[in-house]
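Enquirer: predicted model and sequence below, questions to follow.
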Amino acid sequence: MRNRFRSFYHFLEAVYVAREMEKRGISHIHTHFAAGAASVAMIVHRLTGIPFSFTAHAFDLYKDPILLVEKIRSAEIIATISEYNKTYMKKLVPEIDGAKIHVIHCGIDMEVFTPVPRESDGAIRILSVGRLEEKKGHRYLIEACSILKQRAVDFRCMIVGEGVERDALQALIDAYGLQDSVVLKGAVFQEEIRAFYEDTDIFALACVSAGNADIDGIPVVLMEAMAMEIPAISTNISGIPELIEDGGNGMLVPQRDADALAEAIHRLIQDESLRETIRRNGRITVERAFDLRSEGAKLMDLFRESMKYAGERRI
């Protein structure tokens, strides 16, 4: 029922938008995310013939896939942030020409996220950044910290973010007696996040496939940490293995496995050579395939190609 109301609202919105776009001579529509805005774009396309495209990320494919099959079939071109997503859409609509789905990564500004010299007081500084919700897997990081404490590892862990799991995560910290070792920092502004990376030795984000079907795509915070030459650890789900090669430019562990996460952190602490290799390779990977400017240019190329033939398609 909820989706019916949403679709009716999108139809009303599309009627107005269609008229405005025809007035202004718009020749192509692109939306980010395959959810509500893409619904409006698809209806405008059916009312006017103006071609549309969308960029699919994660929740819009897996948690909120409203009219997704119809959008995949109707879109002129589709961009998505991972090969994992592309494979999923091709399985969902087997008859689709896979050539119209283009993998264009989310990217970061490499000039903003640059490595800095780091000084430490001896305790290993672990950082995680992400909303306090199931799919970020923070509880498994807290459990891994409990294991590290049992191994007498000297560390401090900060989790930056806010969300519905705050009370449950704080209760877990209290239950494990980690009040002096693990801190829930809360939300910070994007402009402040770089300072946290500068004060970090290891970055960990223990993503999981959540019970409500929500799942991360390729978390941008992993790119940011790697660009700053911070060894990053995450899980081998969704598109994350397209960014992180286990043991090459980061570490990957199974989801919901606190023991494996603790072992990966401990290994990085003990193996200086591995840390240095991962630091160097992490930034190289982000420069090569996750740079904001180069990935944005790829999207613009798709738009130009589509617009070149827009007039012919509508005759």
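Expert: Great, that's in hand.
Enquirer: tell me which helix or strand of this protein sits lowest on mean pLDDT?
Expert: In the chain, no helix or strand scores lower on mean pLDDT, DSSP states H and E than helix 310-314, which sits at a mean of 50.
Enquirer: am I right that Ala38 is in contact with Val44?
Expert: No - Ala38 is not in contact with Val44 according to Cβ atoms under 8 Å; the separation is 10.5 Å. C-beta: built from backbone N, CA, C; applies to glycine.
Enquirer: neighbour count for those two, which is higher?
Expert: Ala38 (30 against 25; other Cβ atoms under 10 Å).
Enquirer: in terms of secondary structure, what does the helix or strand where that one lies contact?
Expert: Ala38 belongs to helix 36-48 when elements are defined using DSSP states H and E. Packing partners of helix 36-48 (3 or more Cβ pairs under 8 Å, 6 or more residues apart in numbering; DSSP states H and E): helix 2-24, strand 29-32, strand 52-56, helix 68-74.
Enquirer: downstream of the last one, the next helix or strand is which one?
Expert: Towards the C-terminus, the helix or strand next in line after helix 68-74, according to DSSP H and E, is strand 77-80.
Enquirer: what's the mean pLDDT across the next helix or strand after that next one?
Expert: Sequence order places helix 83-92 as the next helix or strand after strand 77-80, per DSSP H and E. The predicted model assigns helix 83-92 a mean pLDDT of 96.
Enquirer: neighbouring contacts of helix 83-92?
Expert: Here helix 83-92 makes contact (Cβ atoms under 8 Å, 6 or more residues apart in numbering) with 56-58, 61-62, 68-69, 72, 78, 80, 96, 98, 101, 103, 217, 238-239, 242.
Enquirer: and that helix, which residues are buried?
Expert: For helix 83-92, a neighbour-count test (16 or more other Cβ atoms under 10 Å) marks Tyr84, Asn85, Lys86, Tyr88, Met89 as buried.
Enquirer: including distance to Leu274, could those go into JSON lines?
Expert: Below are the buried residues of helix 83-92 laid out as JSON lines (distance: Cβ to Cβ, whole Å):
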{"residue": "Tyr84", "distance to Leu274": "26"}
{"residue": "Asn85", "distance to Leu274": "30"}
{"residue": "Lys86", "distance to Leu274": "32"}
{"residue": "Tyr88", "distance to Leu274": "33"}
{"residue": "Met89", "distance to Leu274": "36"}
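Enquirer: and the residue positioned nearest the centre of the chain, backbone torsions?
Expert: For the chain, the residue sitting closest to the mean C-alpha position, by Cα atoms, centre = their mean, is Pro219 at 2.8 Å. Main-chain torsions, Pro219, degrees, to the nearest 10: phi -60, psi 130.
Enquirer: residue contacts, it?
Expert: Gly130, Leu205, Cys207, Ser234, Ile240.
Enquirer: now the first one, nearest residue through space, not along the chain?
Expert: Looking back up the chat, that one is Gly130. Once flanking residues are discounted, Gly130 sits nearest to Lys136: 3.9 Å by Cβ to Cβ, 6 or more residues apart in numbering.
Enquirer: Leu61: what secondary structure?
Expert: helix (DSSP: H, G, I helix; E, B strand; the rest coil).
Enquirer: look up how far Met89 lies from it.
Expert: 7 Å (Cβ to Cβ, to the nearest Å).
Enquirer: overlap of the contact sets of those two?
Expert: By Cβ under 8 Å, 6+ apart, the residues touching both Leu61 and Met89 are Thr80.
Enquirer: go through stretch 167-179 and flag the buried ones.
Expert: Applying 16+ other Cβ under 10 Å to stretch 167-179 flags Leu169, Gln170, Leu172, Ile173, Tyr176, Leu178 as buried.
Enquirer: for this structure, what spans make up the strands?
Expert: Here the chain has its strands, by DSSP state E, at 29-32, 52-56, 77-80, 101-103, 124-129, 155-160, 182-186, 202-204, 232-235, 251-253.
Enquirer: that older thread, overlap in contacts, Ala38 and Val44.
Expert: Contacts common to Ala38 and Val44, judged by Cβ under 8 Å, 6+ apart, are Phe52.
Enquirer: wait, the residue nearest to Gly130 touches Gly161, no?
Expert: Yes - under the criterion of Cβ under 8 Å, Lys136 makes contact with Gly161 at 7.2 Å.
Enquirer: between those two, which has more neighbouring residues?
Expert: Lys136 (27 against 21).
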